[in-house]
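A.B. asks: Turn this into a model:
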Amino acid sequence: MKNNFFAVISRMKYINRWALMRNTIQENLSEHTLETAYIAHVLALMKNKRHNGNVNPERCALLAMYHDCTEIITGDLPTPIKYYNPEIRDAYGEIEENAKNKLLSYLPDDLKDEYEPLFVPTQEEEELWKLVKAADKISALIKCIDESNMGNNDFIRAESSTLQAIHNLNCTEAEEFLLEFLPAYGLTLDEQA
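C.D. replies: The predicted structure is shown next:
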């Protein structure tokens with residue numbers, strides 16, 4: 001039996017995001033995932049240090065690393081299409097489930113049970129998945145800001161709707177990230193120094 005899991009995971013770098021948008025700089029799934037993991041980690045730290053949370057920041061970062069892996073098989077379906085109507089959303093959910101199962105089939109049998117929770121939110125890790133979702137949206141917002149800063153008006157509406165989606169999560173740590181860290185993304189490298 002071939003154990004293709006990590007060879008397939010390494011293909012994240014070939015999946016481009018924002019397919020329906022004109023991009024000044026192309027962003028791939030691997031880049032997005034790493035940024036999401038960084039942000040998820042700090043959101044978990046903020047939860048623990050500032051809000052008496054008791055979550056595992058390293059586990060949160062790990063969940064973020066795997067949160068979009070099914071897109072290696074499905075591609076990055078743009079959000080307006082994915083959520084256009086309940087039928088498409090449900091069909092895409094089934095496609096994601098099949099992609100998850102396919103990825104897990106690339107692992108040796110004795111490791112599958114260790115990786116399955118990285119793809120399927122469990123009730124025990126609900127708090128962590130909420131932070132991963134917030135980190136995912138923040139990463140998308142950062143992409144929108146970067147594109148807008150380069151004069152790409154195609155991302156203006158996406159920036160506004162992504163910011164609103166973050167607010168809709170009612171995640172205190174995400175709001176704190178927006179206040180404390182997001183302003184620096186509008187600065188040049190010289191201004192950040």
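
A.B. asks: now the host helix or strand of A165, how far from the centre of its chain.
C.D. replies: Per DSSP states H and E, A165 falls inside helix 156-168. In terms of C-alpha atoms, centre = their mean, to the nearest Å, the centre of helix 156-168 is found 15 Å from the chain centre.

A.B. asks: Show me the shaky parts of the chain.
C.D. replies: Residue ranges of the chain with pLDDT under 70: 1, 75-84, 91-92.

A.B. asks: residue boundaries of the helices in it?
C.D. replies: Along the chain, counting by DSSP state H, helices occupy 5-9, 29-51, 57-66, 71-74, 79-82, 86-105, 109-119, 126-149, 156-168, 172-180, 189-192.

A.B. asks: packing partners for the longest one?
C.D. replies: Just to be clear, that refers to helix 126-149. With contacts taken as 3 or more C-beta pairs under 8 Å, 6 or more residues apart in numbering; DSSP states H and E, helix 126-149 sits against helix 29-51, helix 57-66, helix 156-168, helix 172-180. Just so you know, the C-beta spots here come from the backbone N, C-alpha and C atoms, and that holds for glycine as well.

A.B. asks: Could I get the buried residue list for it?
C.D. replies: 128-148 (16 or more other C-beta atoms under 10 Å).

A.B. asks: contacting residues for the residue most central in space within the chain?
C.D. replies: What sits nearest the mean C-alpha location of the chain, by C-alpha atoms, centre = their mean, is D136, with 3.2 Å. D136 makes contacts with T36, A64, H67, D68, as judged by C-beta atoms under 8 Å, 6 or more residues apart in numbering.

A.B. asks: Show the backbone phi and psi for the third one.
C.D. replies: Read that as H67. The phi/psi pair for H67 (degrees, to the nearest 10) reads phi -60, psi -30.

A.B. asks: wait, what's in contact with it?
C.D. replies: T33, T36, V132, D136.

A.B. asks: go on, the first one?
C.D. replies: T36 makes contact with A64, H67, D68, V132, A135, D136, I138, S139 under the criterion C-beta under 8 Å, 6+ apart.

A.B. asks: Output the residues you listed as JSON lines; include the columns distance to K13.
C.D. replies: Listed next are the contacts of T36 as JSON lines, based on distance: C-beta to C-beta, whole Å:
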{"residue": "A64", "distance to K13": "17"}
{"residue": "H67", "distance to K13": "16"}
{"residue": "D68", "distance to K13": "13"}
{"residue": "V132", "distance to K13": "20"}
{"residue": "A135", "distance to K13": "20"}
{"residue": "D136", "distance to K13": "18"}
{"residue": "I138", "distance to K13": "21"}
{"residue": "S139", "distance to K13": "16"}
